[in-house]
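K.L.:
Take this sequence and fold it.
(one chain, ligands or ions: 1)
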Amino acid sequence: MGNFERIVISCMDRRLSEYLDSKYNDGRTVFLRNAGANIGTLSKSIEGIIGSGGISSVVIAPHTDCGAMGLVSSALSGSAKVSESIERNLVARFRKISYSDRNELERIVNPALQERGLSNLVKRPDIGTAVELIDLSRMQIPKDDGKHLLTFTKPSPTRYSSFISKYGNSGIGMFNSYFIQASAARDVSADIEIATAALHISDVRLVSENQLQNAGINEDMNYIKGMSHFSGFSISEITA
Ligand SMILES: [Zn+2]
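P.N.:
Predicted structure coming up:
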């Protein structure tokens, strides 16, 4: 770390990767992703990257038709029961806010909540912050073929197309993989739980990049393996 100028924080949703590559990947941007572009479980990752120096801007990029916001909405209305961890790490901070519908939750409430969370976390006048709501209804997304997986990797400047190419001839394309990117798996356990237990993803791949392997990838592997017992997924490791 230390060579980056910008942090982009977005959702793990598989439909965002191509757009994030084209809009934000300039080689000097490091990407962080979780369920809902939620500052809460990424706070340690954000602080770590900012602490290493060079960052001048942070962009929060949540999106429409977000599964995490669907889960929040269902939890708040009482139609879905979420675990204590998901409640504490994602749902709780929405409980004090009134909103009229899912559209308002995604387009107004979540972006504002995450922006406030970021400004409370990053008290640095020299670092600019911005929010872009990604409107999926304006994008060309291929028809869903249902073959989904979750990739966990560290905060990285690598293009998603490059990660995808590491999967070999497995038929996994740009729109198949959800991405969780954080400094440590244990920080984003609620997000991993949302992907595996709520979205029913059974194939989890941990991709380690050589340049970043000093940051505890074995600990991440063991941690995620430990989670697989209750969420019912398999995990494999890919070294880039
Ligand atoms: Zn989402």
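
K.L.:
drop to CA atoms for contacts and neighbour counts, all remaining ones
P.N.:
Fine.

K.L.:
Name the residues of the protein found near the ion, please.
P.N.:
By the rule CA under 5 Å from the ion, the part of the chain lying against the ion is 11, 13, 36, 66.

K.L.:
In space, what's closest to the second one - neighbours in sequence excluded?
P.N.:
Okay, so that is residue 13. Spatially, and ignoring its direct neighbours in sequence, residue 13 is nearest to residue 178 (5.2 Å; CA to CA, 6 or more residues apart in numbering).

K.L.:
For residue 5, see how far away that neighbour is.
P.N.:
Residue 178 sits 25 Å away from residue 5, taking CA to CA, to the nearest Å as the criterion.

K.L.:
With residue 231 instead?
P.N.:
Counting by CA to CA, the gap from residue 231 to residue 5 is 36 Å.

K.L.:
Equivalent analysis for residue 236, please.
P.N.:
32 Å.

K.L.:
Check residue 185 too.
P.N.:
Residue 185 sits 24 Å away from residue 5, going by CA to CA.

K.L.:
what do you get for residue 40?
P.N.:
22 Å.

K.L.:
Work out the gap between the longest helix anywhere in the chain and the centre of the chain.
P.N.:
Secondary structure of the chain read by DSSP state H shows that its longest helix is helix 217-231. Here helix 217-231 is found 17 Å from its chain centre; the criterion is CA atoms, centre = their mean, to the nearest Å.

K.L.:
Residues contacting it, please?
P.N.:
Taking contacts as CA atoms under 8 Å, 6 or more residues apart in numbering, the residues outside helix 217-231 that touch it are 184, 185, 186, 193, 196, 197, 206, 208, 234, 235, 237.

K.L.:
just stretch 160-172 next, same as before
P.N.:
Here stretch 160-172 makes contact (CA under 8 Å, 6+ apart) with 17, 18, 21, 147, 173, 174, 207, 238, 240.

K.L.:
And the helices in this protein, which stretches?
P.N.:
Counting by DSSP H, the segments of the chain that form helices are 17-24, 39-51, 67-77, 84-86, 102-104, 110-121, 160-165, 189-193, 217-231.

K.L.:
distance of residue 64 from residue 104?
P.N.:
Separation of residue 64 from residue 104 (CA to CA) stands at 10 Å.

K.L.:
Looking at the two, which is more packed in?
P.N.:
For residue 64 versus residue 104, neighbours defined as other CA atoms under 10 Å are more numerous around residue 64 (18 against 13).

K.L.:
before we move on, back to that, can you tell me which of the residues of the chain next to the ion is closest to the ion?
P.N.:
Ranked by distance to the ion (CA to the ion), the residues of the chain next to the ion are led by residue 66 at 3.6 Å.

K.L.:
list the buried ones in stretch 38-55?
P.N.:
38-46, 49-50, 54-55 (16 or more other CA atoms under 10 Å).
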